[in-house]
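Q: Here is a sequence together with a model predicted from it:
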Amino acid sequence: MALNSGSSPGIGPYYENHGYQPENFYPPQPPGAPGSYAPYPALYYPSAVPQYAPRVLTRVSTPVISPRPKPSSGTVCSSRTKKALCVTFALAVILAGAVVAAVLIWRFLESKCPVAGIECGSSGTCISPSLWCDGISHCPSGEDEDRCVRLYGPNFILQVYSPQRKSWYPVCQDDWNDSYGRAACRDMGYKNSFYSNQGIADDSGATSFMKLNASAGNIDLYKKLYHSDACSSKTVVALRCIDCGVTTQTSRQSRIVGGANASPGDWPWQVSLHVQDVHVCGGSIITPEWIVTAAHCVEEPLSNPRYWTAFAGILQQSFMYYGKGYKIEKVIPYPSYDSKTKNNDIALMKLQVPLTFNDKIRPVCLPNPGLMLEPMQPCWISGWGATYEKGKTSEVLNAALVHLIEPWRCNSRSVYNNLITPAMICAGYLQGDVDSCQGDSGGPLVTLKSRVWWLIGDTSWGSGCAKPNRPGVYGNVTVFTDWIYQQMRANS
Ligand code: ARG
């Protein structure tokens, strides 16, 4: 239901899907403001584990009770020498405590970079903001030069961060070529992937650009870029690192809960993630080696990559026993995922062997910042989850049309009463009937915009399935785009 299909950002009732926000930009919201009204019933908290997931018990913990000798009170510090010993011991304990406290305080202060600086990841090292993105790596793992390029908006405009002006600028097409495009893709975390490099008319209304100094010799790309108010080609670089978000299928049926069977090639990025031959979660292909899923899918004891196998390009579960599964090399849950609140419910899986793309196996696009979504943007969900609440996993892949539900509405008292954080996004229908359900977790919530399919969410939680005022809740992938690129880069 398009409210405004124009494309100029900043006007109209757009819902800006924020990306590239520092994590502490959004303070964690307590579930239900204390004192204002009765806290939300515990029933509505998502369960800490996917309810259908077969739990692989790796160990059984039996409490060990070891008998301890009883100290005979009053006699310990009685004699003089013993008293002296006691005093020395007490002093030593106090001293050790003070040292530990001092170290902790020092670490705390240092990690916050109190004297104007930016922290290198979470290493505790601080560097001056002027050294950020200057082409020289100062951080222990080079984080200061990590995030200096990004793709912006639905047209994949390449932007470079200018540390002097503290802002992102589009790159002027003048003197740009494919080898620079490849370098930028590599810097973003695409291993050997490059798809297209195009000069397009800039529709962002930018009056300042980053320009290439072609005569600067064979030095680093970022050292060749300089700030300029002129761009003679009047076009900016639109860079695609991977041919993502395209399908061969054009017609889709919406007949999950309230959905319809999918046809081959409809959702080519959808994967089924198995543990011991059982479908446990869904996932989405973003590159030949990387899959996005939910962090709650890979909670202990399922965090070990050896338990998992991914199936791609197959619609029926029964065919997966014969089909080729892909072993997982790495499982990376979002570091501050909270299993109680389901905040930051996203994880990455790296395959041991890269996928070969074809009509049935293709990647979906990661959402660029500046991808303006409408408040009720139509989206699709897909998965092998239950087709009714408390039902079994489905044999066939299902898909359904849903629409985004704005955060304020989803957080209203009659819906999820402030359980929705900025790292979550709601989608579905407040009247119920159509929804994702148990077994769909980790799978995609996608939308079609500018003729490309974008991964907007990963299925996370909901209270029951398809109930009125209880829509599906998804990880807000745009918030994690930056983290995903960082991980791809660091684990390539
Ligand atoms: N947590 C569920 C899973 O592990 C997904 C539930 C989605 N629920 C919903 N009502 N949309 O599969």
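A: Arrived safely. Numbering: from 1, shown residues only.
Q: near the ligand, which residues of the stretch 251-400 of the chain show up?
A: Proximity of the stretch 251-400 of the chain to the ligand (CB under 6 Å from any ligand atom) is limited to residues residue 385. (Each C-beta comes from the backbone N, C-alpha and C, glycine too.)
Q: where does the stretch 251-400 of the chain have low pLDDT?
A: Within the stretch 251-400 of the chain, the stretches with pLDDT under 70 are 251-255.
Q: Mind doing that once more with 50?
A: Where the stretch 251-400 of the chain drops to pLDDT under 50, the residues are 255.
Q: Please identify which residue in it comes closest to the ligand.
A: residue 385 (5.6 Å; CB to the nearest ligand atom).
Q: Need the three-state assignment for that residue.
A: coil (DSSP: H, G, I helix; E, B strand; the rest coil).
Q: What is the burial count for it?
A: 30 (other CB atoms under 10 Å).
Q: just residue 213 next, same as before
A: Neighbour tally, residue 213, other CB under 10 Å: 13.
Q: residue contacts, it?
A: By CB atoms under 8 Å, 6 or more residues apart in numbering, the contact list for residue 213 reads 224-226.
Q: Which members of the residues you listed are classed as buried?
A: Listed as buried from the contacts of residue 213 are 224-225; burial here means 16 or more other CB atoms under 10 Å.
Q: so which of the contacts of residue 213 would you say is closest to the ligand?
A: Of those, the one sitting nearest to the ligand (CB to the nearest ligand atom) turns out to be residue 225, at 44.1 Å.
Q: so what's the residue nearest to that closest one when sequence neighbours are not counted bridging to?
A: Nearest residue to residue 225, sequence neighbours excluded (CB to CB, 6 or more residues apart in numbering): residue 210, at 4.5 Å. With DSSP bridges as the criterion, residue 210 is bridged to residue 171, residue 227.
Q: likewise residue 404?
A: Here residue 404, judged by DSSP bridges, has bridge partners residue 427.
Q: got a list of what it touches?
A: 15, 373-377, 379, 425-427, 456.
Q: Scan these and report the most crowded one.
A: That'd be residue 425 among those, by other CB under 10 Å, with 30 neighbours.
Q: Quick check: phi and psi on that one?
A: phi -140, psi 130 (degrees, to the nearest 10).
Q: Test my guess that it contacts residue 472.
A: No: using CB atoms under 8 Å, residue 425 is not in contact with residue 472; the gap is 9.5 Å.
Q: Spit out the residues that contact these two alike.
A: Contact criterion CB under 8 Å, 6+ apart; residues shared by residue 425 and residue 472: residue 445.
Q: what are the ranges of the strands in the stretch 101-250 of the chain?
A: Along the stretch 101-250 of the chain, the stretches classed as strands by DSSP state E, counting those that start in this stretch are 118-119, 126-127, 149-152, 157-162, 167-170, 196-201, 209-212, 225-228, 235-240.
Q: which one of those lies closest to the ligand?
A: Using CB to the nearest ligand atom, the strands of the stretch 101-250 of the chain put strand 149-152 closest to the ligand, at 29.6 Å.
Q: show me where this structure has helices.
A: Ranges of helices in the chain, per DSSP state H, are 80-111, 178-188, 221-224, 317-320, 407-410, 477-490.
Q: re earlier: how about the contacts of residue 213 in JSON lines, adding distance to residue 145 and pLDDT?
A: Formatted as JSON lines, the contacts of residue 213 follow (distance: CB to CB, whole Å; pLDDT from 0 to 100):
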{"residue": "224", "distance to residue 145": "14", "pLDDT": "81"}
{"residue": "225", "distance to residue 145": "13", "pLDDT": "84"}
{"residue": "226", "distance to residue 145": "17", "pLDDT": "86"}
